[in-house]
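1. Predicted model, plus sequence, below.
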Amino acid sequence: MERPRIVGVDFGRVRVGLAVSDPLALFAQPLGAFSPKSALAELEQIHARDGIEKLVLGWPFELDGSEGQAVEAVRGFESRLRKAFPSIQIVRCDERFTSKEATETIVASGAKKRKRRKRGVIDAVAAAIILQSYLDQ
């Protein structure tokens, strides 16, 4: 069996962006955006198919480095992840500016406005940015 994957998670109350590493854990690839409930189901499928070594969860720090109001929602989802995957390590990763960077990346790729506005594209790319920054460390 190949090496288990590392999965990036960009939590949002409406959509959760997911990204997955390649088998060598060098590159992040956007997977899609899901409701919080279906994101857990998608993670279960990934774990059953490829295994998950680690979950990299975007953590919403404020500009000054403090934890803002959004942290409570993410903390609740983190708790759900820990219950669903007790043996998988969860790493918090700073997600400041990832949505903006995701939008800029999508625009730079030449995507038409319609594709940029498609639900979840930015969330999935933001998850890939979170994961890639972790993989690059």
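-> Sure thing, it's come through.

2. In stretch 53-66, which residues are buried?
-> Residues of stretch 53-66 classed as buried: Lys54, Leu55, Val56, Leu57, Gly58, Trp59, Pro60, Phe61 (neighbour count, 16 or more other C-beta atoms under 10 Å). For glycine as for every other residue, the C-beta is placed from the backbone atoms N, C-alpha and C.

3. Take these and lay them out in JSON lines including distance to Ile90 and pLDDT.
-> Formatted as JSON lines, the buried residues of stretch 53-66 follow (distance: C-beta to C-beta, whole Å; pLDDT from 0 to 100):
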{"residue": "Lys54", "distance to Ile90": "7", "pLDDT": "97"}
{"residue": "Leu55", "distance to Ile90": "5", "pLDDT": "98"}
{"residue": "Val56", "distance to Ile90": "8", "pLDDT": "98"}
{"residue": "Leu57", "distance to Ile90": "6", "pLDDT": "97"}
{"residue": "Gly58", "distance to Ile90": "11", "pLDDT": "93"}
{"residue": "Trp59", "distance to Ile90": "10", "pLDDT": "91"}
{"residue": "Pro60", "distance to Ile90": "15", "pLDDT": "85"}
{"residue": "Phe61", "distance to Ile90": "16", "pLDDT": "77"}
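
4. now, which of those lie within helices?
-> Residues of these located in helices (DSSP state H): none.

5. And the strands in the protein?
-> Secondary structure of the chain, counting by DSSP state E: strands at 5-10, 16-21, 28-34, 52-59, 89-94.

6. Under the pLDDT cut-off, which ranges of the protein? List them.
-> Along the chain, segments meeting pLDDT under 70 span 1, 96-107, 109-119.

7. Thought Ala73 was touching Arg13, still the case?
-> Yes. The pair Arg13 and Ala73 passes the contact test of C-beta atoms under 8 Å, sitting 5.8 Å apart.

8. For burial, what's the neighbour tally of the nearest residue to Asp123 once chain neighbours are set aside?
-> Excluding the flanking residues, the one nearest Asp123 by C-beta to C-beta, 6 or more residues apart in numbering is Gly17, at 3.2 Å. Look at Gly17: counted by other C-beta atoms under 10 Å, it has 31 neighbours.
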